[in-house]
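Chemist: Generate a structure from the sequence data that follows.
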Amino acid sequence: MMLTTMTACGQGSEATAQNHSKASGKTYNVQLTFGNNQFLTATLDDNATTRALVSMMPMTLPSLDLYDDEICYRFPDPLPTDNVEYYLHKKGEIFYWPPGHSLVIRYVETDEWLDIQH
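Modeler: I've put the predicted structure just below:
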């Protein structure tokens with residue numbers, strides 16, 4: 001098991017992630033910390049799932065390394081979704097898999113298609 005901490009990027013104790021505009025809408029920058037201070041900054045698209053995640057930050061998640069290709073945390077209750085699509089996810093992507101209430105960070109390329117909130 002690995003502890004993953006998610007926090008909003010920004011100043012002080014802001015309750016929301018730093019917002020940025022892009023052609024298709026807002027994005028949110030978040031910082032993930034793994035184990036012994038390994039950091040990753042991610043940009044998440046604005047959708048119902050991202051807004052729910054941001055509202056819970058900061059949070060520490062006891063994540064699992066599953067199938068030697070992803071880091072996963074399964075929330076006890078489902079998160080809201082608004083744009084689930086059947087998708088071939090790629091290495092480096094962060095997504096929410098609604099059937100398992102799972103936040104997933106893919107770190108190996110696969111040929112797996114899933115219904116995901118991207």
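
Chemist: roughly how far out does stretch 51-63 sit from the chain middle?
Modeler: Put simply, stretch 51-63 sits 9 Å off its chain's centre (CA atoms, centre = their mean, to the nearest Å).

Chemist: try stretch 72-84
Modeler: 10 Å.

Chemist: tell me the mean pLDDT over it?
Modeler: Averaging pLDDT along stretch 72-84 gives 93.

Chemist: Only the C-alpha atoms, please, for that stretch, written as CSV.
Modeler: Extracted in CSV, the C-alpha atoms of stretch 72-84 (Å, rounded to 0.1, in the frame of the first residue of the first chain):
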residue,chain,number,x,y,z
CYS,A,72,-5.7,3.2,-7.6
TYR,A,73,-7.8,4.4,-4.7
ARG,A,74,-11.3,3.1,-4.3
PHE,A,75,-13.7,5.7,-2.7
PRO,A,76,-16.3,4.1,-0.4
ASP,A,77,-19.1,6.0,-2.2
PRO,A,78,-19.4,7.0,-5.8
LEU,A,79,-18.2,10.4,-7.0
PRO,A,80,-20.5,12.5,-9.3
THR,A,81,-19.8,12.2,-13.1
ASP,A,82,-21.1,14.1,-16.0
ASN,A,83,-19.2,12.9,-19.1
VAL,A,84,-18.5,9.2,-18.9
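
Chemist: Low-confidence regions, the protein specifically.
Modeler: 1-25, 118 (pLDDT under 70).

Chemist: Do a quick rundown of the helices in it.
Modeler: 48-56 (DSSP state H).

Chemist: Would you map the strands across it?
Modeler: Using DSSP state E, the strands of the chain run over 2-8, 18-22, 25-34, 38-45, 59-66, 70-74, 84-88, 94-97, 102-106, 113-117.
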